[in-house]
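The sequence and its predicted three-dimensional model are supplied below.
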Amino acid sequence: MKVSEVMNKYPTIISRDGTINEAAQLLVKHNLTAISVVDAHNKLEGIITEGDLLYKKVRPHAPHYVNVLGASIYYSGIGEYNAQFKKLLATHVAELMTKDVITCHPETEVEEVVGVMLEKHLKSVPVVDEDNCLQGVITRHDIMRLIANGEA
């Protein structure tokens, strides 16, 4: 079975200029775990997930460091702390979204997408055409519907 037969062809979308509050409202209103971020031409720019928005309620943890001769040496690097802090301060989707999105094509076999979803712990996968224009989204719920209907 092809993804195009299972996917939601009318996914909820948001612009990169949308606010974090708007994204959260859409996730709650439509009972979603992720929203595709598209430009004015419907090209996929990223995805914003519940996990991304959870950073708004987490205080960044100061990185562990050792002071050696007056120099601070960080165990896991200051970069991780800076990234967490930026997410905490984010006000627009572009500042919080995931840009490197795993996608699939409408003609991809559902079993192949399910394998990737399991391997990468994904709850939804945007479906794009050759020009990276959003065609739909396939979610775990879509797969559950197949199983419940005995189609899997």
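Here it is on my side, so go on.

and E95, how many residues sit next to it?
In terms of burial, E95 registers 13 neighbours under the definition other C-beta atoms under 10 Å. (Each C-beta comes from the backbone N, C-alpha and C, glycine too.)

Provide a list of residue ranges in this structure with pLDDT below threshold.
The model of the chain has pLDDT under 70 over residues 55-90, 152.

Strands along that one, start to end?
With strands called from DSSP state E, the chain shows them at 13-14, 34-38, 44-49, 65-68, 71-74, 124-128, 134-139.

and for the third one, what are the contacting residues?
Counting by C-beta atoms under 8 Å, 6 or more residues apart in numbering, the neighbours of strand 44-49 from elsewhere in the structure are 14, 16, 23, 33-39, 93-94, 96-99, 101, 103, 123-124, 126, 128, 132-134.

Same check on the second one?
Applying C-beta under 8 Å, 6+ apart, the external contacts of strand 34-38 come out as 11-16, 18, 23, 26-27, 44-50, 93-94, 97, 123-124, 126, 134, 137.

Any quick ChimeraX command for the buried ones out of those?
Paste this into ChimeraX to select the buried members of those, with burial taken from 16 or more other C-beta atoms under 10 Å:
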select :11,13,14,16,18,23,26,27,44,45,46,47,48,49,93,94,97,124,126,134,137
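
Could you list everything L44 pairs with in the sheet?
L44 has the following beta-bridge partners by DSSP bridges: V38.
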